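# Dropping the sequence and predicted coords here.
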Amino acid sequence: MEEKLKLSIVLPKHNLSQHSLDLIDWCSANNNIEIVCLIWEPEQQISLLSFVEKRAWDGMLFIERAKLNIGKINRMEALRQIYLSSNPKEFDLIHDDPMIINELRKLEIDVHLCLNTEPFVSALKDSAKYGALSFMGANESSGKHNPYFFSEVLNKRNSTEFNILHHQPNSKKVYIAQNGELSTHGYFLANQENVLLRQNFYMQRKIEAVIGKRTVSEAIFKSQVINTKKQAPSLYDQLKYLLHLLRLAYKRFFALFKDDNFWNVGIYKGGWQSLDFKKAMIISNPKNHFLADPFVVNNDNKDYCFVEDFDLKKSKGVISVYEIGDNKITNVGLALEENFHLSFPYLFECDSKTYMLPETTENNDIRIYESTHFPLEWKLCRVIKENVSAVDSMIFKHKNRWWLFTNINPIGERDTCSELSLFYSEHPVNGTWIPHAKNPVVFTPSRARNGGIIIEEDCIYRIGQKQIFGTYGGGGFSINKIIALSPDVYEEESTLIVKPDFFKGNKGAHHFHTNGTISTFDFLT
């Protein structure tokens, strides 16, 4: 019988999140983990000003907490909620107390799991076999040290960064076990919740790697300065945040009386490197519909464009087809409809058959349809992934392997714009899809979400959507050349950034595709 991983949990006495308790519950329920002790962080000495800031901040977040059903958990409440199969010891940590460190050494701890990254972690790491793992947000250079994941909202940054740090024993170096960036939410607690959920998932993966004694490559954490984070922003920043909330409420109220923004599709006769947006033909949106996510294909010497056709009254998308003529574009008809939303009608060929891989995230799966009579008749061929929150998937062949590029939220939440995951198989329909060793291979909302593809004889370019603060998909897109693709390596480099300013009054863009002779894109008006 293998020995269990001996774990200590280092946690604050106040303001614990439910997600922290969920992580502890996961560790407790894992048969390969023994929680040997709880280590309570030392109390922070706060000034009168800090006390006032904290009380004001609690009041400001009252409505957000009520709306999101987020409570504040202290030490006694935490102990009542945590279910532990063993009876762990408890320690109240005092800075640089050698007696406590010696007591911890006697417990033969394998890893300290620190729910925060604070300066005292460096004193703890040497008392565990594998050191300490901790969570950390972006390290601010301004010296403000605001609560994690707040400054990103206050400053309207497009992404919010988190790190899982590995403090190795008997070493001054700190390593990054996992780094990621997520789309920033408009409200602080909503942004915090999104990050806490996702970083918990990756901490669990890291702990499982330690249990399995798997070697995981880690980069050196360049910023060696670890500061104590404040429990509340300054009064000035709180005022700025209040104004931000009022502006959000103002925009949402007046949005009720404004016309919606609509996506549109453009067609250009030519390849991507000679693209001139102003020479494109624009497909007219049907009444009470908009078109988006276009893909072009040539079949039987005719050019077709498959699109998401979104019905505004039903709030549901289907797949429609347009034929591209010399000087006009004709609506051929409805290609595919389900009782759930469809979009992103990606097409590929295999064994002389044409397949479609539309987005079906509303049905929580990834599925392949086969053309029975092109372009309007299709049948469900295979569901290749079930119970998954995935969007904008693409399949193509590269060096005798079939590759699936998809944007998955591993915890099933709504944010599917931050991670790109890859899978490979010997056959797209009949084979087994194996995950890439480095998933997620891209972890930033600036380019992770697929927005189309360019496949040439010797090059493959992936289109990456750029998410910007407060909107979805409106930030334009990047064209990224894939320079390395194998089961354990993925590298891409950006070759072109397309800003959504190619038409007057254009509000956004997030998709591009070409078959070499015809190119297509969408844009927001």
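All right, it came through fine.

# Let's see stretch 513-525 as PDB, backbone CA atoms only.
What follows is stretch 513-525, C-alpha atoms only, in PDB (Å, rounded to 0.1, in the frame of the first residue of the first chain):
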ATOM      1  CA  HIS A 513     -11.500  32.000 -42.300                       C
ATOM      2  CA  THR A 514     -10.200  31.400 -45.800                       C
ATOM      3  CA  ASN A 515     -10.000  28.500 -48.200                       C
ATOM      4  CA  GLY A 516      -7.200  30.200 -50.200                       C
ATOM      5  CA  THR A 517      -9.400  31.800 -52.900                       C
ATOM      6  CA  ILE A 518     -12.300  33.200 -50.800                       C
ATOM      7  CA  SER A 519     -12.000  34.800 -47.300                       C
ATOM      8  CA  THR A 520     -14.700  35.500 -44.800                       C
ATOM      9  CA  PHE A 521     -15.000  37.400 -41.600                       C
ATOM     10  CA  ASP A 522     -17.600  38.800 -39.200                       C
ATOM     11  CA  PHE A 523     -17.900  42.200 -37.600                       C
ATOM     12  CA  LEU A 524     -20.200  44.000 -35.000                       C
ATOM     13  CA  THR A 525     -22.200  47.000 -35.700                       C
END
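
# Which positions in it come out as buried?
Within stretch 513-525, the residues that count as buried by 16 or more other CB atoms under 10 Å are 513-515, 518-524. C-betas here are computed from N, CA, C, even on glycine.

# quick one: which of these is nearest to Phe469?
Leu524 (15.8 Å; CB to CB).

# Can you verify my assumption that that closest one contacts Gly266?
No. The criterion here is CB atoms under 8 Å, and Leu524 misses it with Gly266 at 11.9 Å.

# Quick one: distance of stretch 292-310 to the chain centre.
How far stretch 292-310 lies from its chain's middle: 29 Å, per CA atoms, centre = their mean, to the nearest Å.

# Now the terminal residues of that stretch, how far apart.
This stretch, stretch 292-310, spans 8 Å end to end (CA to CA, to the nearest Å).

# how does this structure divide up, domain by domain?
5-254, 263-524 (automatic domain parsing).

# Comparing the ones you listed, which comes out most buried?
Comparing the domains of the chain by mean neighbour count (mean count of other CB atoms under 10 Å), domain 263-524 ranks first with a mean of 18.

# For the stretch 101-250 of the chain, just list every one of the strands.
Using DSSP state E, counting those that start in this stretch, the strands of the stretch 101-250 of the chain run over residues 111-114, 132-137, 159-167, 174-183, 219-220.

# and the first one, what other elements does it pack with?
In this case it means strand 111-114. strand 5-11, helix 121-124, strand 132-137, helix 188-211 (3 or more CB pairs under 8 Å, 6 or more residues apart in numbering; DSSP states H and E).

# hmm, who's touching it?
With contact meaning CB atoms under 8 Å, 6 or more residues apart in numbering, strand 111-114 is reached by 5-10, 23, 27, 39, 121, 124-125, 127-135, 203, 207, 210.

# lowest-confidence stretch among the strands of the stretch 101-250 of the chain?
When these are compared by mean pLDDT, strand 219-220 comes last with a mean of 80.

# by contact count, what packs against it?
Checking 3+ CB pairs under 8 Å, 6+ apart, strand 219-220 ends up next to strand 174-183.

# And the strand it packs on, how far out from the chain middle?
The answer for strand 174-183 is 12 Å, by CA atoms, centre = their mean.

# Packing partners of it?
Right, strand 174-183 is packed against strand 159-167, helix 188-211, strand 219-220, strand 442-443 by 3+ CB pairs under 8 Å, 6+ apart.

# Now do the helix or strand Phe512 falls within, average pLDDT.
In the assignment (DSSP states H and E), Phe512 maps to strand 508-514. Taken as a whole, strand 508-514 has an average pLDDT of 97.

# Sheet partners, orientation included, of it?
In the sheet containing strand 508-514, its partner strands are strand 518-524 (antiparallel), by DSSP bridges.

# which residues are in contact with the strand it pairs with?
261-272, 275, 277, 280, 291-296, 298, 303, 305, 324, 473-474, 500, 502-503, 506-514.

# Out of all residues in this protein, which is the farthest from the middle?
The outermost residue of the chain relative to its centre, with distances by CA atoms, centre = their mean, is Met99 at 42.7 Å.

# my guess is Leu197 contacts Ile411, does it?
Yes. Leu197 lies in contact with Ile411 (CB under 8 Å); the separation is 5.5 Å.

# Show me the contacts of strand 518-524 that map onto strands.
Using DSSP state E, 263-269, 291-296, 298, 303, 305, 324, 508-514 are the members of these that sit in strands.

# Which residue ranges of the stretch 401-525 of the chain form strands?
Under DSSP E, counting those that start in this stretch, the stretch 401-525 of the chain gives strands at 401-409, 419-425, 434-435, 442-443, 450-455, 460-465, 477-486, 489-498, 508-514, 518-524.

# Switch these over to JSON lines; also include distance to Gly186.
Converted to JSON lines, the strands of the stretch 401-525 of the chain look like this (distance: least, CB to CB, whole Å):
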{"stretch": "strand 401-409", "distance to Gly186": "19"}
{"stretch": "strand 419-425", "distance to Gly186": "21"}
{"stretch": "strand 434-435", "distance to Gly186": "32"}
{"stretch": "strand 442-443", "distance to Gly186": "21"}
{"stretch": "strand 450-455", "distance to Gly186": "23"}
{"stretch": "strand 460-465", "distance to Gly186": "19"}
{"stretch": "strand 477-486", "distance to Gly186": "22"}
{"stretch": "strand 489-498", "distance to Gly186": "25"}
{"stretch": "strand 508-514", "distance to Gly186": "17"}
{"stretch": "strand 518-524", "distance to Gly186": "19"}
